[in-house]
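Colleague: only geometry, no sequence info:
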């Protein structure tokens, strides 16, 4: 089974993906780390403060695994059996990204993406609502438990087709976004 763990930077993708892979004794494929290790970086986008990867090379490599936990901001780019999008409240995300040393511009960009549901929308458009799942990561233990339940059951009733999604597009969050 190929499980994609996606979400905005700082939502806990790598932490949860590593644990899921370890518990299942399957590979953890961190797309960002692999891109640097394997030379998939094709250019640097200084305006967005990010690296651009050769998606075809990444897909070919990841496609060689039958079972894996794929950890990527753009999880929908890879063939998978399910996508779990981790979400995080904007204030918590701000704290996490600040601790990582992200620039104010990069923090603003990522919080805006979280508020606008960008990763969730991309996953739904790619995989559909029945194979897209959303987990809020305010508490790592609870988030991991929720992810485990989704993987164990693959229960469509836990998907975004049947559950109300999180909405961070609130006046309070927009005011917060413009406060820094």
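Modeller: Yep, that arrived. Keep in mind the model is a prediction, meaning the values are calculated, not measured. Numbers count the residues shown, from 1 in each chain.

Colleague: which SSE is residue 26 in?
Modeller: Assigned by DSSP states H and E, residue 26 falls within no helix or strand.

Colleague: what is the burial count for it?
Modeller: Using other Cβ atoms under 10 Å, residue 26 has 17 neighbouring residues. For every residue, glycine as well, the C-beta is placed using N, CA and C.

Colleague: show me what the helix or strand where residue 119 lies is in contact with.
Modeller: If you go by DSSP H and E, residue 119 is part of helix 118-127. Identification of contacts with helix 118-127 by Cβ atoms under 8 Å, 6 or more residues apart in numbering yields 4, 6-8, 73-77, 80, 82-83, 85, 87, 113, 132, 134, 160, 165.

Colleague: and for stretch 3-12?
Modeller: Contacts with stretch 3-12, where a contact means Cβ under 8 Å, 6+ apart, come from 13, 16-17, 20, 68-76, 78, 80-88, 93, 96-97, 100, 102, 110, 113-114, 118-119, 123, 137, 140, 143, 147, 151.

Colleague: didn't residue 146 look like it was pressed against residue 139?
Modeller: No: in this structure residue 146 lies outside contact range of residue 139 using Cβ atoms under 8 Å: 10.0 Å.

Colleague: who's more crowded, these two?
Modeller: Using other Cβ under 10 Å as the criterion, residue 146 and residue 139 rank with residue 146 on top: 20 against 11.

Colleague: helix or strand for the more buried one, which one?
Modeller: Under the criterion of DSSP H and E, residue 146 resides in helix 140-153.
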